[in-house]
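**Student:** Model the structure of this input:
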Amino acid sequence: MTTARQSNWPARLNAFLEQRRAMPFTWSKNDCCTFVCDWIDLCCGVDPSRELKLRGTYDDARGAARVLKRHGGIEAVVERAWRRLGWSETTLPYARRGDIVSLKTDHGPALGICLGDSATFAGPHGLAFVPLAECLRAWRVG
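**Tutor:** Got it, this is the predicted structure:
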C-alpha cells in the first residue's frame with residue numbers, strides 16, 4: 001500500500017504548524033511520536049500510530065520508553081510504519097519539506113518535521129526549531 005500526500009499538503013502543513021506553535025509537549029498527546037503521526041494523518045490521511053496502538057498507552061517519559069522498547073525503539077517504529085505505507089528512508093540532504101526527521105536528544109532520538117533547511121519538534125513550550133544539519137535521519141512522507 002502506497003499512500004501519497006494530499007494535493008494541498010503545503011497549506012495543511014502551514015496550518016498544522018500554526019496550530020501547534022504554542023502547544024506544549026504532553027506525553028501521548030503532543031510528544032514527538034504523536035506530533036509526527038498527527039502531521040502524517042493530516043497530510044496523507046493515515047495515522048501510523050493506530051496500527052501500533054501507541055496513543056494513550058503512556059503518560060510520562062518512563063511509560064513512553066517502555067512502549068517504545070517493546071516495539072524495538074522509536075526508529076524501528078518508523079521503519080515498520082514506512083514499510084507498511086510503501087515509503088522509504090532518504091538522506092538528510094534530500095529530505096523535503098514535510099518529511100520526518102530524527103534528532104539525538106539526551107533522552108534518545110526524537111522525531112520532527114523537515115521544513116527545508118531546518119526541522120521542527122514538539123518542545124516544552126511549543127514548537128522547537130533546529131537546523132536540519134543537526135538531525136540524524138530522514139524518512140519520506142508520501
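**Student:** CA only for contacts and neighbour counts going forward, please
**Tutor:** OK.
**Student:** Give me the secondary structure label for the residue nearest to residue 44 when sequence neighbours are not counted.
**Tutor:** Nearest residue to residue 44 in three dimensions, chain neighbours excluded: residue 5, at 4.6 Å (C-alpha to C-alpha, 6 or more residues apart in numbering). Secondary structure state of residue 5, per DSSP: H, G, I helix; E, B strand; the rest coil, is coil.
**Student:** per-residue confidence for residue 5?
**Tutor:** The model reports residue 5 with a pLDDT of 96.
**Student:** Pull the number of nearby residues for residue 20.
**Tutor:** 19 (other C-alpha atoms under 10 Å).
**Student:** and if you look at residue 106?
**Tutor:** Count around residue 106 with other C-alpha under 10 Å applied: 6.
**Student:** ok, now the one 3 residues further on?
**Tutor:** Close neighbours of residue 109, defined as other C-alpha under 10 Å, add up to 18.
**Student:** what do you get for residue 139?
**Tutor:** Counted with other C-alpha under 10 Å, residues neighbouring residue 139 total 24.
**Student:** Ramachandran coordinates for it?
**Tutor:** Residue 139 adopts backbone torsions of phi -130, psi 140, taken as degrees, to the nearest 10.
**Student:** so it sits right up against residue 86, yeah?
**Tutor:** No: contact criterion C-alpha atoms under 8 Å: residue 139 and residue 86 do not qualify, at 11.4 Å.
**Student:** Could I get the buried residue list for stretch 22-38?
**Tutor:** For stretch 22-38, a neighbour-count test (16 or more other C-alpha atoms under 10 Å) marks 23-38 as buried.
**Student:** Out of the residues you listed, which sit inside helices?
**Tutor:** Among the buried residues of stretch 22-38, the members falling in helices (DSSP state H) are 32, 33, 34, 35, 36, 37, 38.
**Student:** Spit out the contact partners of residue 68.
**Tutor:** Residue 68 sits next to 74, 77 when contact means C-alpha atoms under 8 Å, 6 or more residues apart in numbering.
**Student:** now it: how far from residue 94?
**Tutor:** 27 Å (C-alpha to C-alpha, to the nearest Å).
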